[in-house]
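Enquirer: Return a 3D structure for these sequence lines:
(4 chains)
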Amino acid sequence: MFAFTDEQLQLRESVRRYLTDHASVRRMRELMDDPIGFDRQSYQGLFDELGIGGVHIPEEYGGAGLSYVELCIVLEEMGRALYPSPYLSSNVFAANALLLIGTAEQKAEWLPSISSGEHLATVALYEESNRSNVADIKQCVTDQSFTGTKTFVLDATVADVFIIVARDGPDPISPLRFWLARPGDANVHCAPMQSIDTTRRIGTISLENVQVERLGEATSDTNGFDRFIDFASVALANEMVGGAQWLLESSVEYANNRVQFGRPISSMQAIKHKCADLLLEIELAKSGAYRAAQAIAASDSAYPIHASIAKSAANDAYMQAAADAIQIHGGIGFTWDNDTHLWFKRAKSSQVLLGTSEIHREQLLDRLDLLEAN
Amino acid sequence: MFAFTDEQLQLRESVRRYLTDHASVRRMRELMDDPIGFDRQSYQGLFDELGIGGVHIPEEYGGAGLSYVELCIVLEEMGRALYPSPYLSSNVFAANALLLIGTAEQKAEWLPSISSGEHLATVALYEESNRSNVADIKQCVTDQSFTGTKTFVLDATVADVFIIVARDGPDPISPLRFWLARPGDANVHCAPMQSIDTTRRIGTISLENVQVERLGEATSDTNGFDRFIDFASVALANEMVGGAQWLLESSVEYANNRVQFGRPISSMQAIKHKCADLLLEIELAKSGAYRAAQAIAASDSAYPIHASIAKSAANDAYMQAAADAIQIHGGIGFTWDNDTHLWFKRAKSSQVLLGTSEIHREQLLDRLDLLEAN
Amino acid sequence: MEWTETLVRNEVRSFLETNWDAYKDLLEWRNKLIDAGWGMPSWPERWYGRNMPQSLQSVVAEEFARVGAVSVARTGIRLLAAETLLAHGNDAQRERYLRKILTGEETWCQLFSEPGSGSDLAGSTTRAELVGDDWIINGQKVWTTSAHHADFGLLLARHDWDVPKHQGLSYFILNFHQEGVEVHPLKQMNGHASFNQVFFNNAKIPRSDQIGASGDGWQIAMTTLMHERRNAGNIFVEARRRGDFNGPIYEQEAEENKILLEPYTWYPQRAGRVDLVLPRAKATGAINNPAARQEIAKLMIMSRCAEWTALRARAAQQQGQPQGPEGSLGKLAGSNIARQAAKVHTLISGVDAIASGEDGPESGIIAEILLSVPAISIAGGTDEIQRNIISERVLGMQKEPRMDTGPFKDVRKN
Amino acid sequence: MEWTETLVRNEVRSFLETNWDAYKDLLEWRNKLIDAGWGMPSWPERWYGRNMPQSLQSVVAEEFARVGAVSVARTGIRLLAAETLLAHGNDAQRERYLRKILTGEETWCQLFSEPGSGSDLAGSTTRAELVGDDWIINGQKVWTTSAHHADFGLLLARHDWDVPKHQGLSYFILNFHQEGVEVHPLKQMNGHASFNQVFFNNAKIPRSDQIGASGDGWQIAMTTLMHERRNAGNIFVEARRRGDFNGPIYEQEAEENKILLEPYTWYPQRAGRVDLVLPRAKATGAINNPAARQEIAKLMIMSRCAEWTALRARAAQQQGQPQGPEGSLGKLAGSNIARQAAKVHTLISGVDAIASGEDGPESGIIAEILLSVPAISIAGGTDEIQRNIISERVLGMQKEPRMDTGPFKDVRKN
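Expert: All right, here's what the predicted structure looks like:
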């Protein structure tokens, strides 16, 4: 174990080739000014050409029936290419919520259209109270009705259906549950939010007395939220290490070509050692991300530990890579026309979504303790 | 303000010259195997030749009547030279306890003989419960009698008198007070403790039903302990930046002389940049240490903030300098015969005495908050 | 004449009593100041000054501040141009340019950095060829602040490719008002465009606008850079509030400053905005999070110690003590502080950190900090160059082997 | 013969069934093993082996372990000597030395590093001069593990000072049992003396003990170092517990190991003892301190990710995939982990961190960690050298300009 199989390597290769052909940086720069922010045609190609709309979704729901490892390979490549699309929000997060919590009927209703790209779904997690710790959600559903504003919702303005996370009743310790808000409700209002990362669109959705449908049974276990966040963190961590790797490669290439004082700056220890340290940090983060994906794929009960490790290591490696890449590029790295800042901004948005490293480190020790206690 | 005066620079110069003449590393290495651990003759010379036995002790108690700034200059030079002596324990810590808390009678009784070197005194702070946070003292004095074991007592085996810190009564929130245990009591037992830093001797003292004398009045304010610790931390921080400076200088000198691959290693960016970063960290720590000494000298009410900053900055700078110095020296820096490890060990003992950086950082925010509230 | 503090104070005070009037026209007032020598009193008497020691300048400034008197134009890099002309220009050049620098009628910029020579300024490849009585300039400069409204530029260009790189450079005054010069704004990752690229396509410089002799370029540029380092921070000198005073002249001055300072509005964000940390930590509740507290405290400690280090350097200098290492460390300290501040702001804000513009905390200032901090360890000499300088000049460590000592045409370049 | 797993397993099993006896004398048993070719089955048949592919070695080891059979002597660096002799020695040398390496009768050490050439091994200045039929050796080696009980040393020395440094080196077998060789222990800052200094004062080496030709020294040393890297960690191979088995032969083996492994007792402390962190954090209550928790978590994350990275490298290798960068990062990761572990141990222990020996926590192990960790980023190639190697070999970055390419006598040295 722990080496990718030949099939997995082929999957990586085909996704990379597809994104090289269909998701150039030039195209991405055009999309940054686009109100939609992604290319419907290349997104649809993921389904039609590559068949990765539902990598980890069972075949009965229209997916490819592969494991979380394959999903994470796809995400790593998308992170590397900084591919702007609702794939993470719809095909991963929303699909996960359905897979983990939904009833058989709900899965049958929604997963096939998500897997085919027909519907875009997104999960609304953030609100005023949980900026730092995503679990500090206060808003609630009462009598199947929800009123409130969710923020930092990925791809809010293009989604066809929302999965709202809210407490099941007004008691502040009521369990967190997921609720479907059907499209087309007149009391649902979406607006884009300005973000430093224009390759990952966010928005607000405001709901007023909107009837929502609970995902899963009322009696289902109350750990669904934690599980969802862990799965999401692992997915994001894999996307992140792909981006970090791109930054390192582009920095090394630049340093090999950039001459100052009569020699390439890649011959200077300050630059060489920075890159060596970065390689180490990124490879460690990759191991964390891969291991966590594997733990989920293998239903390893220790996966929450691996999820904390993966997100924390990816946060630190990606931000370090982003800062170092700009530094290695020097002044040119701070300009708009150079591509480095696009990955820098993605690193920043990834770092804060689903918890900074401090949150995950604190959680890791709790979880290690819990594991030992069991 | 903030530049040393000419007199202060002269004081520094004369202490440095004295220590160069009387406290060579060779002599220090001999003393490391000595049960006493310091050179009585050179220690006595501090009083007789240099007149710095009571730098900051008022003239009426036999001192030089200078300020805390001058005391800290002396300590910085001692730290630089790694001068092994009971100066810190007796002339600084014990003298401070008397100055800050003692009654006029107690000062008159003890300070002159401490200032002249006739008596060695030491303050016993640590016990089983306060290894990490020195304030977590549990032992207490009841009916003027103390039973318990104090550990990590500086120069325990050579001290003539002990100042025990203990709670005033069995209630765990009773105020912490300082108590004199007179010399010669049969129920006081001292033993040396093995320490990684053999240039700073520590020991245990065990007392059983020993009658102790309270320092100061029973009604005196209960902040004496905090004040004592802050003063002590500032003194130690100044000692530490002297040691850090020595490590940097010796590393630069070694790097300028050490040739590998046909060039001095000081021409390699990895070494140059390490030294530049270290210089920055040390100079910042010096500023913190000097500023705190000045705040105490000027009775600036913000001195607790400066004390936290000074100790924390000195901890980090000294340990970094110690680790970097060994790394720059390479294999030779790890050998016993090279001097670097002696400063490394002092850095480590200084780092943990009176609180690691984490403690001081946490305290700093409390204190900033308090200052703002007032 | 031997200046003393009392003498200076009395003279300035009497001059201001007689002449200062906030209802005068700015240009008129400045010309009067220039003629009287109170605009740049440390300059030579022949060139609008009073030959006064630098140390007494603050007395003059105090008296100006006391009555709210406006001084000569000082913002931007115009004074670097003036100091360079004073040190290396000829009298005709001083005559032509100095007064209008001080009146503010003509603005200047610095044309040193190039796309291929960022850290390595002396590796300039902008080409200067003498054709008849004109130098013909071809090439490109970059990182040029204020080029879009500059009248003149201080230009470093190469006239000789057969000698080692530092020896083949010359120094010119370039007039922006000509066809061969194009200025394009250079947009940064934080959305601002504080800098420009300047392209020369057979731009012309009359021989009379060369400063010094051919080959003196590097040495003269060092003078400019020395003044730049000395004035670091002074760039904002005139931006101070004049809340207590009123008069139309202040509006004229404010208008001038507004244009000049526009490119610098994000500079405080670049430095990390340590001032915002505690207030925001309290507002968000992050002050109660022990992990955040550690990082905030680290920042506070670095920041306070760096301030004190700067004070220490200044105090030692004022007491005439030999310069210690403290003075050369500020830039590197600033980078570390800014980086830690960005980390702390992220930690405090959580997901809010990425919301920008009006959607973001502090009306987008937090987002702007996060996108501006990367510049501080690059602009004006990267951290790596700073560490080289500190290790060589302060610590006396050895230089690296040089690969660029031969004739410049043979040196490997971009 | 074409070896298969089944064939190997059957043959070894039958050999052991017939011959293995824990009541045999260790030397007698090993000679039998050597003659049968089961001691080093991957070696050539002519030299005590069976020419078996490396991949089947584990099958042999499994069968030995199953019955608790002792193998040939493998600890220390003796196998590096053997592999070097197999690769570059002549038959007379193999005949003379190989068997006694495997029986354990003669021990070896490596004489490469010098005080003046630590990172720069090829800068060796130990002098070898051919006088008659003897090489006369003068100079000094250092960091020599086990020299105090070595019979022979693998010596790198310089015979030619007029050629570039890598070309003037030769490789010898040095006999320690002579007057011209002095061994002094080298005490470390943690109190141990795991290494030695070795001084040569006209030490003699017969011509027949030169390996390869003059000038081949560096190339041969590379073979030794390659095996050293490959065997890293294997040094402890024989130290495994044999709790299930009894017999006098184990006592003989244990005695041999005790001597050989003594210098390495502090190596686990050098790596930071991550295993002690959580138990001690719980015992001291530091686990409840949020600042400590952050640092502990950082350590756990680094340490787990590094373990997984090593597994990843091994798995890819086993699947025959091209080697990724993971394999070369272990040493640098180990340094970072050890440093963070030292930080965490200090934080957990507070003042207790400095109490050593019996007065210290974990019977002085914590203090020993703090005094041993500094070695890990130096020994076997400093972190700086590792970063050079990684950046050049893995990332394909450029080398620094070289200052040591001319005749060695003209190269600047210590």
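
Enquirer: any chance you could map the helices in the chain?
Expert: Since no chain was named, I'll use chain A. Secondary structure of chain A by DSSP state H: the helices cover A:6-22, A:25-32, A:40-48, A:68-81, A:95-101, A:104-115, A:224-257, A:269-297, A:303-329, A:340-352, A:357-373.

Enquirer: wait, chain C
Expert: C:5-19, C:26-36, C:57-67, C:78-88, C:91-103, C:217-231, C:248-261, C:267-270, C:277-284, C:290-318, C:330-349, C:365-372, C:383-389.

Enquirer: Redo these as TSV? Include mean neighbour count, mean pLDDT and distance to D:R387.
Expert: The C-beta positions use only the backbone N, C-alpha and C, and glycine is treated the same way. Listed next are the helices of chain C as TSV, based on neighbours: other C-beta atoms under 10 Å in any protein chain shown; pLDDT from 0 to 100; distance: least, C-beta to C-beta, whole Å:
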stretch	mean neighbour count	mean pLDDT	distance to D:R387
helix C:5-19	15	95	56
helix C:26-36	18	96	57
helix C:57-67	16	90	49
helix C:78-88	21	94	40
helix C:91-103	18	97	49
helix C:217-231	18	87	32
helix C:248-261	16	88	43
helix C:267-270	20	95	30
helix C:277-284	18	96	34
helix C:290-318	21	94	26
helix C:330-349	24	97	21
helix C:365-372	26	98	29
helix C:383-389	21	95	15
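
Enquirer: hang on, the earlier thing: how about the helices of chain A, which one is nearest B:M193?
Expert: Smallest distance to B:M193 across the helices of chain A (C-beta to C-beta): 31.7 Å, for helix A:357-373.

Enquirer: quick revisit: in TSV, list the helices of chain A along with mean neighbour count and distance to B:R182.
Expert: Shown next, in TSV, are those (neighbours: other C-beta atoms under 10 Å in any protein chain shown; distance: least, C-beta to C-beta, whole Å):
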stretch	mean neighbour count	distance to B:R182
helix A:6-22	15	78
helix A:25-32	14	79
helix A:40-48	16	85
helix A:68-81	26	71
helix A:95-101	23	72
helix A:104-115	18	81
helix A:224-257	24	62
helix A:269-297	26	58
helix A:303-329	27	56
helix A:340-352	24	61
helix A:357-373	19	48
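
Enquirer: Save those helices as a markdown table, and put in distance to chain B too.
Expert: Listed next are the helices of chain A as a markdown table, based on distance: least, C-beta to the nearest C-beta, whole Å:
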| stretch | distance to chain B |
| --- | --- |
| helix A:6-22 | 35 |
| helix A:25-32 | 32 |
| helix A:40-48 | 43 |
| helix A:68-81 | 30 |
| helix A:95-101 | 38 |
| helix A:104-115 | 47 |
| helix A:224-257 | 13 |
| helix A:269-297 | 4 |
| helix A:303-329 | 13 |
| helix A:340-352 | 22 |
| helix A:357-373 | 14 |
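
Enquirer: Could you say which one of these comes nearest to C:Q188?
Expert: Of all these, it is helix A:340-352 that lies closest to C:Q188, at 8.4 Å by C-beta to C-beta.

Enquirer: So which elements touch that closest one?
Expert: Of the remaining helices and strands, those touching helix A:340-352 by 3 or more C-beta pairs under 8 Å, 6 or more residues apart in numbering or on different chains; DSSP states H and E are helix A:25-32, helix A:224-257, helix A:303-329, helix C:330-349, helix C:365-372.

Enquirer: Dump it to CSV, restricted to CA.
Expert: Taking Å, rounded to 0.1, in the frame of the first residue of the first chain, the C-alpha atoms of helix A:340-352 are listed here in CSV:
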residue,chain,number,x,y,z
THR,A,340,2.2,33.5,-8.8
HIS,A,341,-0.3,35.6,-7.0
LEU,A,342,-3.2,33.5,-8.4
TRP,A,343,-1.9,30.5,-6.5
PHE,A,344,-1.0,32.7,-3.5
LYS,A,345,-4.6,33.8,-3.2
ARG,A,346,-5.9,30.3,-3.6
ALA,A,347,-3.5,29.2,-0.8
LYS,A,348,-5.0,31.9,1.4
SER,A,349,-8.6,30.9,0.7
SER,A,350,-7.8,27.3,1.2
GLN,A,351,-6.0,28.0,4.5
VAL,A,352,-8.9,29.6,6.2
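
Enquirer: Distance of C:E295 relative to C:A341?
Expert: Applying C-beta to C-beta, to the nearest Å, the value for C:E295 to C:A341 is 10 Å.

Enquirer: cool, A:I52 as well?
Expert: Computed with C-beta to C-beta, the distance linking A:I52 and C:A341 is 41 Å.

Enquirer: Also A:Q139?
Expert: Remark: distance between A:Q139 and C:A341 (C-beta to C-beta) = 32 Å.

Enquirer: Ok, A:L207 next?
Expert: Using C-beta to C-beta, A:L207 is found at 37 Å from C:A341.

Enquirer: C:K165 now?
Expert: According to C-beta to C-beta, C:K165 stands 38 Å off from C:A341.

Enquirer: out of the helices and strands packed on helix A:340-352, nearest to B:V234?
Expert: Using C-beta to C-beta, these put helix C:330-349 closest to B:V234, at 21.9 Å.

Enquirer: Can you name the residues of the stretch 101-250 of chain C sitting close to chain A?
Expert: C:113, C:115-120, C:123, C:142-143, C:186-189, C:191 (C-beta under 8 Å from any C-beta of the partner chain).
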